[in-house]
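Novice: quick one: sequence plus predicted model below, questions after.
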Amino acid sequence: MLQLINFPHPTLRFQSKPIIRVDASLREMIGQMFDIMYENRGVGLAANQVNLPLRLFIANPTGEKGNGEELVFLNPVIRRSTGSTESEEGCLSLPGIHAAVKRNKSLHVKAYSMEGREIDMQVDGFLARIIQHEIDHLDGVLFIDRVSPETQRVLLDELSGFVSTHDSKQRQGMIPSDEQLSEQREEWLNRYCR
Ligand SMILES: [Zn+2]
């Protein structure tokens, strides 16, 4: 059963690896990712937010099950991105934290669907913001890395709260040790990326 992980879990800083095979259990896990995203009222979720070190993310800009389109992007790459726009963002791995983030207004994304079909989309608006946020995740980047230094100072206390929660959960064995986590990631990489 997949579980949402929070900052500063080390898998959130992992550079996710391209997927070379898709099987029934990966499709099943993608289904679980949608459940987790809807339960937490998100509009996008990257695989490393559920501790999978794989280059894949899901999105549904409506955030509602049964509404809008469920998008799955495997091995996404942003080609051309243009314009600049600033808007408030949050993240399921940093619950309660919101801050203004500058992003490109529109972009061209290439990826693969679960069925291996090529995705080639020109995107703008909210979906373009979601795609940039999620691809950042796959590169180990969080939206708090992209806020102004002033905002980072304001968020310092809240972020250190996340760090102490993580440390104490790890001491109590509720989160595996960093070594065990790295072994888990290796297993997933052997299964889907090598
Ligand atoms: Zn996020």
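Specialist: Perfect, I can see it now.
Novice: the protein: helices as residue ranges?
Specialist: 24-39, 126-138, 149-171, 178-192 (DSSP state H).
Novice: please work out which of the ones you listed is packed deepest.
Specialist: helix 126-138 (a mean of 22; mean count of other Cβ atoms under 10 Å). No exception for glycine: its C-beta is placed from N, CA and C like everyone else's.
Novice: what does that one contact?
Specialist: 12, 15-16, 43-49, 55-57, 59, 61, 73, 76, 78, 81, 85, 87, 89, 91, 101, 103-107, 109, 123, 142-143, 145-146 (Cβ atoms under 8 Å, 6 or more residues apart in numbering).
Novice: let's see 6 Å
Specialist: 16, 43-44, 46, 48, 55, 57, 59, 61, 76, 103, 106-107, 109 (Cβ atoms under 6 Å, 6 or more residues apart in numbering).
Novice: CSV for those, including pLDDT, distance to Gly96 and neighbour count?
Specialist: CSV is the format used below for these (pLDDT from 0 to 100; distance: Cβ to Cβ, whole Å; neighbours: other Cβ atoms under 10 Å):
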residue, pLDDT, distance to Gly96, neighbour count
Ser16, 98, 25, 25
Val43, 98, 17, 22
Gly44, 98, 18, 25
Ala46, 98, 19, 28
Asn48, 97, 20, 28
Arg55, 98, 28, 25
Phe57, 98, 22, 28
Ala59, 98, 21, 25
Pro61, 97, 22, 16
Pro76, 98, 27, 20
Arg103, 98, 21, 22
Ser106, 98, 30, 16
Leu107, 98, 28, 22
Val109, 98, 29, 21
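Novice: hmm, back to that, and the helices of the chain: which comes nearest Ser113?
Specialist: Closest to Ser113 of the helices of the chain, according to Cβ to Cβ: helix 24-39, at 10.7 Å.
Novice: what about Pro8, distance to Arg117?
Specialist: 36 Å (Cβ to Cβ, to the nearest Å).
Novice: who has more neighbours, the two?
Specialist: Pro8 (17 against 10; other Cβ atoms under 10 Å).
Novice: got the contact list for the more buried one?
Specialist: Counted by Cβ under 6 Å, 6+ apart, Pro8 has contacts 163, 166.
Novice: the longest strand along the chain pairs with which strands, parallel or anti?
Specialist: In the chain, assigned by DSSP state E, the strand with the most residues is strand 71-82. Paired neighbours of strand 71-82 in the sheet (DSSP bridges): strand 56-59 (antiparallel), strand 106-112 (antiparallel).
Novice: could I get these as a markdown table with distance to Thr165?
Specialist: Shown next, in a markdown table, are the strands paired with strand 71-82 (distance: least, Cβ to Cβ, whole Å):
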| stretch | distance to Thr165 |
| --- | --- |
| strand 56-59 | 25 |
| strand 106-112 | 34 |
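Novice: wait, which of the ones you listed is closest to Phe162?
Specialist: Across these, closest to Phe162 is strand 56-59 (Cβ to Cβ), at 21.6 Å.
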